[in-house]
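# Curious how this folds, go ahead:
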Amino acid sequence: MKIFQRNTVASALTMMKAVVQNGYGPPRDVLFVKEIPKPKLTDDTKVLVRVVSTTVNTPDWARTIGKPYFLRLAFGLFSPKKNRQLGTDLAGVIEEVGSAVKEDFKPGDQVFGSAIENDASSASFAEYTVTDPALLAKKPVSLSFDEAAGCVMSGITAMKIIRDGAKIKKGSTEILINGASGGVGSFAIQIAKADGAKTITAVCSGRNADLVKSLGADYVIDYTKEDYTDPSNSDGNNNRPKQYDVILDNVLNKSYRQSRQILKENGFVIPNSIGLDRGSWFGAIPMFLFKPSNYPAINCDVNRQNLQTIADLVESGKVKVIIDKVYSLDESPKAVEYMASRRARGQVVIRVS
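Numbers count the residues shown, from 1 in each chain. Next up is the predicted model:
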């Protein structure tokens, strides 16, 4: 009897729930929540985190369905090989700190940040993960775990795009955001507004018009009724800009030639999508390879400074994290499926614990 009890305790301490991917295809067919070994802190420079919340991002669903097919060269032609687990964004609690960690972290600290991509012991769709402390920051008390997790990839991407890419000039920059109600778009509207954009035009479906207006959009184009790249379209609103300094394209369903029609002389497009509307084999990859010279180069790395900056924006009240739906870890396949529908408004959260 005693042996049975010891084995039970050992199992509880060394196993955890995690989302595992077996093959490419619809999330409900290839994603499974299983018991797998809890990662061990074998690297003294890393930390072990108990994950409380994570979010679903475009790389998660794109890798699940295996499209564009070109991406399979990195993950495995017929089945993902390098890392069968998913997820990078996280908010949680430090469980263990490596002896060589120089950052001011200790067990019990509430943190948010990112797991390490393509590392078998580092994925956030799991109860525990090992990650680099450089990818973490202490979670502000005023932010919930769900909000903190929602700040990471989408928040930092939007912040760097607007501040390092668009470089908003207060009172003069006119920006159009395609895919304005999604994770990056909902942040980008608010940050552009906070930074003083003259006008913000949001492209989304009509059902999301009220949402993007509440976030700061001055004009809304319903893509189901109007082609935003057609300069002759005004939808009866003569005050809406005909040309823009910047187009942030979170969908990439339009070519550069089409977008060029509504750009000012020195205007430019900032691409931010895998562009499946452009084909299942390569998506928008050719657009990145043969981009115009005035596409800005933007570094959206997750690091402590960027995490702190986006958290400060949320704490200040200038930006809020829009959360569409919250799923449990067991519902992760449904969460990824919903994100893959490309109809999510803001963040799709998986609450792990």
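
# Give me the distance between the two termini of stretch 151-166.
One end of stretch 151-166 to the other measures 20 Å (Cα to Cα, to the nearest Å).

# Buried residues, it. List them.
151-162, 165-166 (16 or more other Cβ atoms under 10 Å). For glycine as for every other residue, the C-beta is placed from the backbone atoms N, C-alpha and C.

# Please state the offset of stretch 190-210 from the chain centre?
18 Å (Cα atoms, centre = their mean, to the nearest Å).

# and if you look at stretch 218-237?
27 Å.

# pLDDT (mean, whole number) over it?
The average pLDDT within stretch 218-237 is 85.

# Just the closest of the buried residues of stretch 151-166 to Glu95, please.
Proximity of the buried residues of stretch 151-166 to Glu95 (Cβ to Cβ) peaks at Val152, which lies at 19.0 Å.

# circling back to that earlier point, in CSV: the buried residues of stretch 151-166, plus secondary structure.
Formatted as CSV, the buried residues of stretch 151-166 follow (DSSP: H, G, I helix; E, B strand; the rest coil):
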residue, secondary structure
Cys151, helix
Val152, coil
Met153, helix
Ser154, helix
Gly155, helix
Ile156, helix
Thr157, helix
Ala158, helix
Met159, helix
Lys160, helix
Ile161, helix
Ile162, helix
Gly165, helix
Ala166, helix
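
# out of those, who's nearest Gly76?
Met153 (22.7 Å).

# Domains in this protein, by residue range?
2-152+302-351, 154-289 (automatic domain parsing).

# want to try CSV for the ones you listed, with distance to Tyr295 as columns?
Below are the domains of the chain laid out as CSV (distance: least, Cβ to Cβ, whole Å):
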stretch, distance to Tyr295
domain 2-152+302-351, 19
domain 154-289, 6
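
# Out of the ones you listed, flag the one nearest Pro296.
domain 154-289 (4.4 Å).

# and stretch 114-122, how far apart are its ends?
Stretch 114-122: ends 9 Å apart by Cα to Cα.

# next one: stretch 84-104
31 Å.

# which parts of it are buried?
84-98, 101, 103.

# Pick out the most distant pair among the buried residues of stretch 151-166.
Farthest pair in the buried residues of stretch 151-166, by Cβ to Cβ: Val152 and Ala166, 20.5 Å.

# Point me to the helix or strand that includes Arg28.
Per DSSP states H and E: Arg28 is located in helix 27-30.

# That'll do, ta.
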